[in-house]
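In: Okay, sequence plus prediction incoming.
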Amino acid sequence: MVAVGTDGDGIACAQLDAEGTVLRRESIDRVALSGLARTAVDVRWVWSDTAHWYPSLLDAGVRVRRCRDLRLCHAILRDSTLVAEPAAVRAARAWDVAAEVDSGAAPPALFAIAESAGEAAPPHDLDEVLAELARQRDAVASAAERGRLELLCAAESAGALVAAEMRAAGLPWDVAAHERILEDVLGRRPAGGGMPEHMTALAAEIRRHLGDAQASLDSPAKLLRSLHRIGVQAESTSRWELRRFEHPVIAPLLEYKRQSRLLVANGWAWLDEWVHDGRFRPVYVPAGVVTGRWASSGGGALQIPRLLREAVRADDGWTFVVADVAQLEPRVLAGMSSDAALARAAFGRDLYAGIVDSGAVATRAEAKVAMLGAMYGATTGESGRLVPRLRRAYPRAMKLVDDAARTGELGGVVSTWLGRSCPPASEGWQRAQRQAAGETGSAMDRDRARRAAGDRGRFTRNFVVQGTAAEWALAWLGEVRSRLESLGSVGAGETAPRSGPAMADRAHLAFFLHDELIVHTPVRQADAAAAIVREAAASAGRLLFGGFAIDFPLDLKIAPTAAKE
DNA sequence: GGAACTAGCGCG
DNA sequence: AAAGCGCGCTAGTTCC
């Protein structure tokens, strides 16, 4: 291990043995740091924050193999109920910082390590880095399931490397294809920044039906009043609500909303702002979601509409491996609960078909809403009605989510398979429960408290499943990343220079979204990359669930665009 | 003129 | 045909 941090005005490195004892410490300049990282390939780097240190190394053309991201691991260990002695980690409040929210306007300059003023950041000082590393080692050592926490910290740190690398590489984006889609759907781009052709025509038609040439279509409150005036008594202007009414205004209005959404979220302005030199480079925020899922900041990376997937196009001579896991969450639930019956239904491609085959429900559609209902906490409607059938068919799996919900309703904390714990009930939540339970609690207080308890129960019910699915995905991602490394580089004539100096010479991850990933690969490495993606999925399953036999089949294709056929 | 809010809809 | 989890983003609105 080599820890790196600031030291006065400069940078210093400390070489550590396996126990974390400092063997050597020396000042180092930034060029020498990237030189060291380039040559010392087997080192695990210990640093405050991957988002702070790694981009400049990538800009210098250097990948690192392994790291420990102290900021991310701090958050895990601070909150995990597996840690028996969390006091020291919890006391180190300087590490309680969320990810830097970089607007992403420009990649950080080479070796620019100064924080922008006022931006929260973890301590980068080497002495403090070493102190935090020691605290974290002690915390893990005190844990009941130390292997799980170690695995989680390693996977989380590997994910942080992937996030920085994917931003450096970017997602190959075909601007012309995107513009073709915009013109197909929206019509010609307005010259002076006005409304596109098709939207203009739809707006005129809608206003004619509304009998008001000035009607506002973009303000929900005003639009609702206009609809009421012509007898459409909708309660909101949402798509689901509007669909219930039969009136000639509805169809053009729904189409207008669809187009407006595309224009506003991913129109020409989005292209100008977010796609440069044939790459979309969003900021990924590992563990940005409370469950451990990634978030993103800027560009809406996690909300790219399916319609635009065909604008995701590989470089010349390169192609994609596009893969996603079918029904990840129920599979993970089977693994966590060792529910052999659910695991049996999960063998093969389609878990929902497996549930139907087991006789628990009659149709695939029923299996799906029932399973989602079980994991989200549905109580009413078709979904709520079907959940009891799953309870009979898969009692172990259902007990796990039901127990998580019960714990949450009572104000307790639940944890994922590898030990990420959910936040405790807020002060306001507990106050509401006390208020309702007390002598003076009114019916309204009790109602409010019951609702809050239910909300928290559904949150904790879903937390264990969503969070463990995020852990499986991190393990998959990390395995893909390290196995791609072994593919070796391609010749100078075959590189993808727009992917950045550190990523251009071989197959690399280009996109990740909860349960799917895209590898951008030279055509001649595509088959090998696809095999790696499959092997990594199997490996992730073994890593989390050991000998328990649960399948994680992939939908995988090798194709130059990300469009789903 | 900006912060904080809601509505609505995209993704899993 | 829609209630049940987690997000980010934009525009409109409200409030200071």
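Out: Sure, I can see it.
In: The helix or strand where A:Trp53 lies close to DNA strand C?
Out: Counting by DSSP states H and E, the element that carries A:Trp53 is helix A:50-59. No. Applying Cβ under 7 Å from any atom of the strand, one finds helix A:50-59 separated from DNA strand C by no less than 14.5 Å. For the C-beta atoms, the positions are set from N, CA and C on the backbone; glycine is no exception.
In: Can you tell me how far the closest residue to A:Val275 other than its chain neighbours is from DNA strand B?
Out: Computed as Cβ to Cβ, 6 or more residues apart in numbering, the closest residue to A:Val275 that is not its neighbour in sequence is A:Trp173, at 4.8 Å. Computed with Cβ to the nearest atom of the strand, to the nearest Å, the distance linking A:Trp173 and DNA strand B is 16 Å.
In: A:Trp173 against A:Val312, yeah?
Out: Yes. At 6.3 Å, A:Trp173 counts as touching A:Val312 under the criterion of Cβ atoms under 8 Å.
In: And those two? Which one has more around it.
Out: Neighbour count, other Cβ atoms under 10 Å: between A:Trp173 and A:Val312, A:Val312 has more, with 24 against 21.
In: Which residues are in contact with the nearest residue to that one once chain neighbours are set aside?
Out: Using Cβ to Cβ, 6+ apart and skipping the chain neighbours, the partner closest in space to A:Val312 is A:Ala562 (3.8 Å). Residues in contact with A:Ala562 (Cβ atoms under 8 Å, 6 or more residues apart in numbering) are A:309-310, A:312, A:320, A:322, A:511, A:518.
In: swap in A:Trp47?
Out: So A:Trp47 contacts A:3-5, A:53, A:67-70, A:124, A:129 (Cβ under 8 Å, 6+ apart).
In: Of the residues you listed, which is the nearest to A:Ala164?
Out: Of all the contacts of A:Trp47, A:Ala164 sits closest to A:Trp53, with 9.0 Å by Cβ to Cβ.
In: any idea how far that closest one lies from A:Arg78?
Out: Noted for A:Trp53: a distance of 21 Å to A:Arg78, by Cβ to Cβ, to the nearest Å.
In: Settle it for me: which of the two has more neighbours?
Out: Neighbours per residue (other Cβ under 10 Å) separate A:Trp53 from A:Arg78, with A:Trp53 holding more: 23 against 20.
In: what about the residue in the stretch 101-250 of chain A that DNA strand C sits nearest to, how many neighbours?
Out: Nearest residue of the stretch 101-250 of chain A to DNA strand C (Cβ to the nearest atom of the strand) works out as A:Ser219 at 3.2 Å. A total of 12 residues lie near A:Ser219 under the criterion other Cβ under 10 Å.
In: how about it, phi and psi?
Out: For A:Ser219, the backbone dihedrals (degrees, to the nearest 10) come out as phi -100, psi 110.
In: ok, the residue located most distally from the centre of chain A - contacts?
Out: Within chain A, the residue lying farthest from the chain centre (Cα atoms, centre = their mean) is A:Gly211, at 45.2 Å. Counting by Cβ under 8 Å, 6+ apart, A:Gly211 makes contact with A:229-230.
In: Look up how far DNA strand B lies from it.
Out: As judged by Cβ to the nearest atom of the strand, A:Gly211 and DNA strand B stand 20 Å apart.
In: do A:Ala201 as well
Out: 19 Å.
In: check contacts around that residue.
Out: Residues counted as contacts of A:Ala201 (Cβ under 8 Å, 6+ apart) are A:Gly187.
In: Looking at whichever strand or helix holds it now, give me its mean pLDDT.
Out: Per DSSP H and E: A:Ala201 is located in helix A:197-210. Helix A:197-210 shows a mean pLDDT of 96 in the predicted model.
In: That one vs DNA strand C: in contact?
Out: No. Counting by Cβ under 7 Å from any atom of the strand, DNA strand C has no neighbours in helix A:197-210; the shortest distance is 12.2 Å.
In: residues of that helix that come out buried?
Out: Buried residues in helix A:197-210, counting neighbours by 16 or more other Cβ atoms under 10 Å, are found at A:198-199, A:202-203, A:205-207, A:209-210.
In: likewise stretch A:369-378?
Out: For stretch A:369-378, using 16+ other Cβ under 10 Å, the buried residues are A:369-371, A:373-378.
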